Each structure stands twice: as structure tokens, then as C-alpha cells.
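Novice: when you get a sec, could you give me coordinates for this:
(chains A and B)
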Amino acid sequence: MSGVNASKDAGRSHLTVNIGSLRMKNPVTVASGTFGFGPEYAPYLDLNRLGAIVVKGITLLPRAGNTTPRLVETPAGVLNSIGLQNPGVERFITEALPFLADYDLPVIVNIAGDTAQDYARLAEKLSRTAGVAALEVNISCPNIKKGGLQFGSDPASAAEVTRLVKESTHLPVIIKLSPNVTSIVAVAEKVAAAGADALSLINTLLGMAIDIRARRPVLGNILGGLSGPAVKPVALRAVWQVRQAVPLPIIGMGGITSAADAIEFLLAGATAVAVGSANFVNPLATMEVLAGIESYLNENGFNNIREISGLAHNNI
Amino acid sequence: MSFLLDAEITKQEMIGPGHYRLNLLAPDIAAAARPGQFLQVRCGSTLDPFLRRPISINAVDRENGEVALFYRVAGRGTALLTQKAQGEPVSLLGPLGRGFSLPKSQARVAVVSGGIGIAPLYFLLLELAVFGVSADVFLGAATAGQLFFTKEIKGLGHRVEPATDDGSAGYHGLVTDLFAENMARSSEYAMIYGCGPGGMQRRLAEIIKEFGVSGELSLEERMGCGVGACLSCVCKTGSEGSIQYRRVCTEGPVFPAGEVVWA
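Specialist: Residues are numbered from 1 along each chain as shown, chains lettered A, B, ... in the order given. Got it, this is the predicted structure:
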């Protein structure tokens, strides 16, 4: 089955995009933390059809995650405070990664650390691991006490983590930025100068919900990260602004549920797009986005996906 | 095996205030479903409310390819679901999760239900009857009018002991108190199955431990994906020193009563 689909995709080179030295057969991937490690959604779609998979965030040591409740639905969105529950890099490599080896699918590993050195050690370890195509550096998780957003909210720290990771790996390094900053452009510029190969925009927006009957915050962690359709305009704005300032490929994400959403991100300057929370609602969202992008190209006379990346900037 | 499909509504009826039974034509799901499993149901068709709703499978009719859901209106999603009529399609994902384990012998079992907890337990009682296993069913509800499926359960050959918060039928008080009193007289059960609100399940787990019997509880937690990807719906399991979070949607929703840590 994988062979048939692989060859079918190979004929569609007009959909191929490059994220640094990472080649994706199409521009559609998934947002870290919304797609597990792959097997969770394999019953519902052919993973080979994705341009890449971005797995759940990995830390050096296993993490238990935050106390519950970890999730609450909000208007057209969802707040989460998972807290990076993961089996740690060793068990990720031995237990989760082998499943993906059977697929024709670049694996992008999302990494997170408490210290800048943690990121470097993760990068080093994963670079020596077969089956890892790129690293997405999570300096923007709002749900952990140390690390995460602490690096992403300060341009100098973000640059330092970027530099250390770049020194520790030959893999393409994608830095995932937070919208919870005064200027995402300032962070993007520093990260680019430090050698990042690409950017993922955006991580979740810090938010909260209160139970008015219990008169206390709903989430066990009190604060959480907002995702889903509610954040799309914010994410799109981030992609637009960063594209104007920084010449790096961007993986755009934040509230994409349809091909039309994805095309907005491409026109704003994204090279590829990631579907996040929408996977929960519609496990076939990535496939519908991909089909819709293809139709859009055909119907509007574009020969190549790369022709539309950033095109809206020409029309202002 | 789990499926993502649009199923046609064959019937939807209100069987009590705020309580609905929904029948859907979904032969693949009907064939694969086991008691204790659930479906992720798309209640609306727009982006708000956003998430699917996890709803227990209440019964299946494998011959006619139908699945029945029993749900209580708890918020915007379930309220939207009540608006759907016969002939309309509903997007379903499932069957999902690990259900109840069926007994290996025909020895008597106990089933303890609180409120909407009867939704998955009724499916279990149907299957138990097929295997020739009789159950003592401790059926708890707020009031007499919410003791759903009493007649049907009796018709399957099980014994029903009702309990109501307001004393309008059966035992006046908590179903767990009724069950504890019963256990003090006779605790000869091969298995205790339970489902209900958090406080009730916690008390049930204590009783199961106290009498040293086997038990399985079906838990409820806020759910994102329902397939194990998002790690939202976790519960604490294990024992002191080796506590871990496990996914209610994937490792559960049914857990051995002794494994759940009630923090």
C-alpha cells in the first residue's frame, strides 16, 4: 500500500516543498501534540499521504505531565495544559519511533528542555538516530514551569538555544515560536541570525477558564494554551509579519480546519502548514486540506505550490 | 478495529427530562463494539462547539447494524445533538477504548450504577445475559423517574435494587451505601462492575477494596481526541511511588478498580 501511494505522490512534484534541507512531498503536516506518535491516527488515514509527521514533544527524561483537568473547550477552540507528558527520549527511540519506520514519511521530532543544554543533548542524541528527518525546537510551551516559554519569550535566550542545537546536529532545525511575546518578529530575527533553518508559527496562546459554580480555575495547571479556530487570525498575523522580516521557510499553524484556512497561511508566507486541534474533530482534516490545496492550484492556474507562498504580500 | 463514518439516525427519543436515546445505522461499529466502549460523536456541524463528545455505547443490534447511545444533556454539544432528527447523518469515531472484561464463569456478578452511568452498564447487562450470567444491579438515580432501563434489565433476568437521592423509589440515599449494606450481608460476587459520578466511583472503589473482591470501573474525564493522541483525559493509576497518568480514552475508560488512584 505504501509503495503505491509513494509513487503516486512522486508524480506530484508540484506539491513538493523544502523546509531547510528537509524535503516534504506535500506541504501538509500535523502540529506537535495533536497527533501522538502516529499509531493513534493510522486506523483512519494513510500516514504516507502526509508531507511529514511532527510527533509529540520529547524531553530527555520521562515527564508525567500536569494534574487534571488538562483540557477545556472554549468558544471555537480548546485550552490545554498537558505539561509535556512523554516517555522521554530513550523510550521514544526504542518504543515509538520504530512504528514510523514502515512509512514513507519524514519524522520531525519536537524537543523541549528545562535548560539550554537539555536541547543540545536531545539534538545530539536524535541526530544519531535513524529515522529522524528534522528537529522542531519547542521554546514556546506555555504549560511547563521551567524551560519552554522562558526561552521563547526572550530573543537572546531563544537565539542561545538555537545556536546550541545547531552546533549539536546536522538535521534541519525548525524553531517553534510563541505568540505570547511583545514582538514575535524580534524573536524570529534573533533565531534566524543564530542559524535556524526554519520556523514553526505559532504555538498556543496563554489563556484560562474559570468554573463559576466552583469559583476556581478549570484547568489543574490554572493556565493553559489556547488552540483551534479561535486563534487563527493571530497565527496568520504572526506568519504575515515574520515573512516580511525573515527569509526563512515557515510552517504555518494555528486553527487550520480547512483547505481555505491553509491557503490563507500559504498566501501569508508559509511554505508548509500544520493541522493541529482539527485532527481531534476530523481525523481526515489533513487529507481534506491537501486535496483542497491541489484543487485551488488547479482551478487558479498555478503550476506549483511554491508560486503561492507569500503571494498576498504582492497584492497590498 | 475503529471506524470514522457518517451514520444515519434511525430514531431519537427523549426518555426522561434531559435524557435521550439515539439509534444510528452503523453496521461496522455495531459489529465491533464491546460493552464499556464509547464513540466520539460530532454533535454539531460548525466550528463551535469545537470538539466531539465521548458517549458510551448503550446497546447494539448487530442483526440490523444499529448502535444505540444513551446520553444526558450536559452542555452545548449534547444540547445540539438533541436537535438531530431521524434520517440525518452524524459523524462517529469508534468504537473506542477498552471495555469491561466479561466473566470467565457464570458466577453471579454485581453492577453498581449512578445516574447516567447506566449508559455503558446496560450494554454490559445485555451481554452478560447472552452469556448466561446473572447480575444484581444496584441502580442509583436522583429520583424515581430517572431509574432508566429498570424493566428491560429485569426482563434480561437480572435483579434490580434501586436507590434514589430523594427516596421516591427504593432505597432512600446513595447507591453506594445500599451496595455496602448488601455487601456486608453477602459479598459472593465474581466481579463488581461500576460506572457513575466521580464521588460515587471513589466510594465504590473503597468498598471493592474493603471486601477484597474484583472490580472494574468505567471512568469519565474531559476528552480531546478520544484516540490517545492528545493526553488530555488521563487518570492517575498505580500505587504510591509508582504513580502514572494513563489515558482514559485508550487504556480505559474501564480500569481495574484497584489501579485507580483517587487524588
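
Novice: ok, which residues in chain B are in contact with chain A?
Specialist: Contacts of chain B with chain A, taken as C-beta under 8 Å from any C-beta of the partner chain, map to B:1-4, B:42, B:47-52, B:91, B:93, B:221-235, B:243-245, B:250, B:263. C-beta: built from backbone N, CA, C; applies to glycine.

Novice: can I get the lengthiest strand in chain B as PDB, trimmed to CA atoms?
Specialist: When chain B is parsed with DSSP state E, its longest strand is strand B:3-16. Output in PDB follows, covering the C-alpha atoms of strand B:3-16 (Å, rounded to 0.1, in the frame of the first residue of the first chain):
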ATOM      1  CA  PHE B   3     -14.100   3.500  12.200                       C
ATOM      2  CA  LEU B   4     -14.700   7.100  11.100                       C
ATOM      3  CA  LEU B   5     -18.100   7.300   9.400                       C
ATOM      4  CA  ASP B   6     -21.300   9.200   8.900                       C
ATOM      5  CA  ALA B   7     -24.200   7.200  10.400                       C
ATOM      6  CA  GLU B   8     -27.800   7.800   9.700                       C
ATOM      7  CA  ILE B   9     -30.100   8.400  12.700                       C
ATOM      8  CA  THR B  10     -32.900   5.800  12.700                       C
ATOM      9  CA  LYS B  11     -34.500   7.100  15.900                       C
ATOM     10  CA  GLN B  12     -34.000   9.700  18.600                       C
ATOM     11  CA  GLU B  13     -36.300   9.900  21.600                       C
ATOM     12  CA  MET B  14     -36.300  11.700  24.900                       C
ATOM     13  CA  ILE B  15     -36.900   9.000  27.600                       C
ATOM     14  CA  GLY B  16     -36.800  11.300  30.600                       C
END
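
Novice: contacts for the helix or strand just after that strand?
Specialist: Using DSSP states H and E, the helix or strand that follows strand B:3-16 towards the C-terminus is strand B:19-25. Residues from elsewhere that reach strand B:19-25, judged by C-beta atoms under 8 Å, 6 or more residues apart in numbering or on different chains: B:7-15, B:58, B:65-73, B:81-82, B:84, B:90, B:92, B:116, B:146, B:148.

Novice: ok now the helix or strand that comes right after strand B:19-25, how far from the chain's centre?
Specialist: Per DSSP H and E, the first helix or strand lying C-terminal to strand B:19-25 is helix B:27-32. Between the mean C-alpha location of helix B:27-32 and the chain-wide mean there is a distance of 18 Å, by C-alpha atoms, centre = their mean, to the nearest Å.

Novice: output helix B:27-32 as CSV, nothing but the C-alphas.
Specialist: The C-alpha trace of helix B:27-32 is given here as CSV (Å, rounded to 0.1, in the frame of the first residue of the first chain):
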residue,chain,number,x,y,z
PRO,B,27,-23.1,-1.9,11.0
ASP,B,28,-19.3,-1.8,11.2
ILE,B,29,-19.4,-0.2,14.6
ALA,B,30,-22.3,-2.4,15.8
ALA,B,31,-20.2,-5.5,14.8
ALA,B,32,-17.0,-4.3,16.5
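
Novice: for residue 180, which non-adjacent residue is closest in space?
Specialist: The chain I'm using is chain A. A:Leu206 (4.8 Å; C-beta to C-beta, 6 or more residues apart in numbering or on different chains).

Novice: oops, chain B please
Specialist: B:Ile207 (5.1 Å).

Novice: give me the phi and psi angles of that neighbour.
Specialist: Note on B:Ile207: its backbone torsions stand at phi -60, psi -40 [degrees, to the nearest 10].

Novice: measure how buried it is and give me the count.
Specialist: B:Ile207 is flanked by 22 other residues according to other C-beta atoms under 10 Å in any protein chain shown.
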